[in-house]
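Engineer: coordinates for the following, if possible.
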Amino acid sequence: MDAQKQEIAYADVVKLFAFVLSQCRLYSDTHPTAQQAVKNFLIKLSSILDSEPSFTFGFVDGQLIFNDHPIVGKTPSVTNLMRELNRLQIESLGFDRGGDEGEISSFFKLMVSPAKVLEQTGGYKKAFEEAQFRHIRLDAARYQKIKEDATVVQETQSMEGVIEHCLTGTEGEISFDAERLAYEVEKKPDSVARQMIHRADNLEALQRIVQGMGRFLQRRLAQPLIQEGKDFSQPIYLLAKDFKKVVQAPETRND
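Structural biologist: Numbers count the residues shown, from 1 in each chain. Sure, this is the predicted structure:
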């Protein structure tokens with residue numbers, strides 16, 4: 001997908017995202033109108049995920065960022081989306097391949113839940129964690145502009161970022177939030193495994209990611225936890241187990 005088509009596709013996703021939210025507020029999730037809105041959003045999202053391993057967006061300094069690509073200008077849809085993310089204190093949202101209408105519908109239903117309902121569950125982030133979405137994740141916004149010749153060391157706060165570094169062999173050079181990454185590996189090993197596979201364009205790339213992840217998990221992430229008296233061997237084992245399961249899945253072999 002070239003840059004112009006990519007930006008158009010991103011803009012369409014924003015419009016559809018805002019539209020689905022409005023429809024979910026007007027109708028129940030079982031209403032045909034709401035279901036059609038979800039279906040249209042999923043079709044557009046899937047068209048992007050056909051050419052990109054994952055799709056993330058969030059706001060940094062008031063600017064909308066899609067897959068580290070800033071979108072210039074504010075439309076009503078962008079403004080509405082910004083308002084919704086700020087209301088729920090969402091820094092960034094990530095979508096992986098494989099989500100279906102049921103998961104997307106449940107996600108939007110949660111987003112439009114009344115504030116009192118969310119408060120009873122401990123807030124939106126807590127409710128999101130309990131929903132255990134397999135192909136949707138909350139991330140910390142990672143985009144940062146580099147000005148002139150300044151060098152910026154940016155903390156990696158999601159396994160998606162670690163996987164990117166594993167692909168280039170730079171996982172040993174990054175600064176990271178150990179607690180946040182450990183939580184993601186422990187609670188969502190299936191999602192991390194899918195991100196590893198979807199990020200690889202070929203077998204060689206997948207091998208680099210697997211080798212880099214092995215080094216990162218054993219030498220860098222587990223070490224500070226061991227020093228705190230925490231055993232991180234079980235989460236690593238479960239991630240390896242889920243990775244093997246995803247690799248052997250029929251849909252993965254077909255890809």
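Engineer: partners of the longest strand seen in the chain in the sheet?
Structural biologist: The strand that spans the most residues within the chain, counting by DSSP state E, is strand 54-60. Looking at strand 54-60 with DSSP bridges, its partner strands are strand 63-66 (antiparallel), strand 92-96 (antiparallel).
Engineer: contact partners of it?
Structural biologist: Outside strand 54-60, the residues within contact range by C-beta atoms under 8 Å, 6 or more residues apart in numbering are 10, 13-14, 45, 48-49, 64-67, 82, 85-86, 90-97, 139, 141, 143-144, 160, 195, 198-199. Quick note: C-beta positions are derived from backbone N, CA and C, even for glycine.
Engineer: ok, 7 Å please
Structural biologist: Residues outside strand 54-60 that contact it (C-beta atoms under 7 Å, 6 or more residues apart in numbering): 45, 48-49, 64-67, 82, 85, 91-96, 139, 141, 143, 160, 195, 198.
Engineer: can you point out the buried residues in that strand?
Structural biologist: 54-59 (16 or more other C-beta atoms under 10 Å).
Engineer: show me where the stretch 51-200 of the chain has helices.
Structural biologist: 76-87, 101-111, 115-120, 124-131, 159-168, 178-187, 189-199 (DSSP state H, counting those that start in this stretch).
Engineer: give me the distance from the shortest one to the chain's centre.
Structural biologist: Taking the mean C-alpha point of helix 115-120 and that of its whole chain, the gap between them comes to 24 Å (C-alpha atoms, centre = their mean, to the nearest Å).
Engineer: where does the stretch 101-250 of the chain have low pLDDT?
Structural biologist: Residue ranges of the stretch 101-250 of the chain with pLDDT under 70: 140-157.
Engineer: change it to 50
Structural biologist: The model of the stretch 101-250 of the chain has pLDDT under 50 over residues 142-154.
Engineer: run through the bridge partners of the spatially most central residue of the chain.
Structural biologist: Taking C-alpha atoms, centre = their mean, the centroid of the chain lies closest to residue 94, which sits 2.3 Å from it. Note on residue 94: beta-bridge partners residue 56, residue 137, judged by DSSP bridges.
Engineer: next up, the contacts around it.
Structural biologist: By C-beta under 7 Å, 6+ apart, the contact list for residue 94 reads 54, 56, 137, 139, 160.
Engineer: with residue 40 instead?
Structural biologist: residue 16.
Engineer: SS state for it?
Structural biologist: Residue 40 carries the three-state label helix when classified by DSSP: H, G, I helix; E, B strand; the rest coil.
Engineer: and for residue 181, the neighbour number?
Structural biologist: When neighbours are counted by other C-beta atoms under 10 Å, residue 181 registers 21.
Engineer: can you pull the domain assignment for this structure?
Structural biologist: 3-139, 155-254 (automatic domain parsing).
Engineer: buried set for stretch 118-134?
Structural biologist: Going by neighbour count (16+ other C-beta under 10 Å), the buried part of stretch 118-134 is 118, 121, 124, 127-129, 133.
Engineer: end-to-end on it?
Structural biologist: Criterion C-alpha to C-alpha, to the nearest Å; first-to-last residue distance in stretch 118-134 is 20 Å.
Engineer: mind listing residues that contact stretch 225-241?
Structural biologist: Applying C-beta under 7 Å, 6+ apart, the contact partners of stretch 225-241 are 178, 182, 185-186, 189, 192-193, 217, 221-222.
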